[in-house]
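**Student:** would you be able to build a 3D model of this:
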Amino acid sequence: MLMRAFERAAAMSSNSEHNCDADGQVPARRSRWRIAALIALAALPLVLTAAAQPFLSETVPVHFDVGGPDRWGSKAELFVGAGILFVIEIAAALLFAVFERQRATGREDWLVSDSFGGQMSFPVVAGVFAVLDLFQAASVAMCFAEAGFAAPVDVAQLLVDLGMGAIVFGLLAFSLYMLITGKGLQFVNSHPGSSELERKLGADKQQARAIGALLLFITAFLLVEWIVTMR
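**Tutor:** Below you'll find the predicted structure:
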């Protein structure tokens with residue numbers, strides 16, 4: 001039902017759909033799974049909070065400052081933060097669905113501002129959702145920690161390692177993709193603006209490979225720092 005609502009909201013300009021072409025139009029099937037992935041990420045805070053409820057005490061910390069928890073409340077209050085994240089992410093996913101449909105129907109001129117380059121990058125949006133979900137997961141984990149729950153691992157350190165691992169390996173994959181294929185420039189530059197002559201000379205690929213090499217250097221630096229920190 002939620003997927004149908006997204007499809008109806010996104011179908012604002014035309015019912016026709018086109019395959020991916022040189023203008024960057026997105027096939028309908030790929031657009032659907034991207035939207036489905038964003039909806040799943042949006043629902044994750046609620047799922048995590050609901051799954052933790054049977055194992056939490058009735059009173060849990062619901063707000064933290066630098067010194068630790070500074071306000072306690074019912075464990076049901078954890079759904080407030082999860083619900084806020086859900087609403088924010090669903091709204092962003094809806095906007096992403098509209099962008100995808102406008103690109104597919106070639107009518108992004110009235111909606112998509114030049115600053116977006118006519119598109120919203122799925123990896124960036126999904127990454128932001130994952131970071132927001134990580135905050136809710138950390139909040140629930142701290143509730144377990146304050147309740148004296150003996151976890152087999154350091155949950156906070158595990159979340160940090162997972163977050164760093166996602167960042168490092170995400171950057172590694174993307175930098176290698178740009179470095180090897182010479183593609184992906186549109187994800188880091190919304191206005192590549194290359195002329196026909198520049199395209200014939202391969203300027204786009206050279207720029208993409210240069211950026212890929214820079215990202216690979218940054219990734220290597222982060223990886224070394226991560227390894228040193230873990231030791």
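
**Student:** now Ile35: closest residue in space, sequence neighbours ignored.
**Tutor:** Among residues not flanking Ile35 along the chain, Ala97 sits closest, at 5.1 Å (Cβ to Cβ, 6 or more residues apart in numbering). C-betas here are computed from N, CA, C, even on glycine.

**Student:** name the element the one you found belongs to?
**Tutor:** Here Ala97 sits within helix 78-105, counting by DSSP states H and E.

**Student:** can you check Lys205 too?
**Tutor:** Counting by DSSP H and E, Lys205 is found in helix 203-230.

**Student:** got it, and Trp72?
**Tutor:** Secondary structure assignment for Trp72, by DSSP H and E: strand 68-74.

**Student:** if we can go back for a sec, confidence score at the residue nearest to Ile35?
**Tutor:** Listed pLDDT for Ala97 reads 85.

**Student:** tally of neighbours for it?
**Tutor:** Ala97 is flanked by 26 other residues according to other Cβ atoms under 10 Å.

**Student:** who touches the nearest residue to Met178 once chain neighbours are set aside in this structure?
**Tutor:** Spatially, and ignoring its direct neighbours in sequence, Met178 is nearest to Gly212 (3.1 Å; Cβ to Cβ, 6+ apart). Taking Cβ atoms under 8 Å, 6 or more residues apart in numbering, we find Gly212 in contact with 174-180, 184.

**Student:** distance check, Gly212 against Leu222.
**Tutor:** 15 Å (Cβ to Cβ, to the nearest Å).

**Student:** just Ser31 next, same as before
**Tutor:** 32 Å.

**Student:** so between the two, which is more surrounded?
**Tutor:** Using other Cβ under 10 Å as the criterion, Ser31 and Leu222 rank with Ser31 on top: 23 against 15.

**Student:** which SS state does that one fall under?
**Tutor:** helix (DSSP: H, G, I helix; E, B strand; the rest coil).

**Student:** my read: it touches Glu100, true?
**Tutor:** Yes. With contact defined as Cβ atoms under 8 Å, Ser31 counts as touching Glu100 (4.4 Å).

**Student:** overlap in contacts of those two?
**Tutor:** With Cβ under 8 Å, 6+ apart as the test, Ser31 and Glu100 reach no residue in common.

**Student:** tell me which element His63 is part of?
**Tutor:** Applying DSSP H and E, one finds His63 within strand 59-65.

**Student:** ok, that strand: who's next to it in the sheet?
**Tutor:** strand 68-74 (antiparallel) (DSSP bridges).

**Student:** pull the residues that contact the strand it pairs with.
**Tutor:** Against strand 68-74 from outside (Cβ under 8 Å, 6+ apart): 58-64, 142, 146.

**Student:** name the helix or strand for Phe144, please.
**Tutor:** Going by DSSP H and E, Phe144 is in helix 122-146.

**Student:** any buried residues in that helix, and which?
**Tutor:** Residues of helix 122-146 classed as buried under the neighbour-count rule (16 or more other Cβ atoms under 10 Å) are 122, 125-126, 129-130, 132-134, 136-146.

**Student:** mind giving me the packing neighbours of it?
**Tutor:** Here helix 122-146 touches helix 28-52, strand 59-65, strand 68-74, helix 78-105, helix 155-181, going by 3 or more Cβ pairs under 8 Å, 6 or more residues apart in numbering; DSSP states H and E.

**Student:** quick one: buried residues of the longest one?
**Tutor:** Right, the one you point to is helix 78-105. Quick answer for helix 78-105 (16+ other Cβ under 10 Å): 78-79, 81-82, 85-86, 89-90, 92-94, 96-105.

**Student:** great, nothing more from me.
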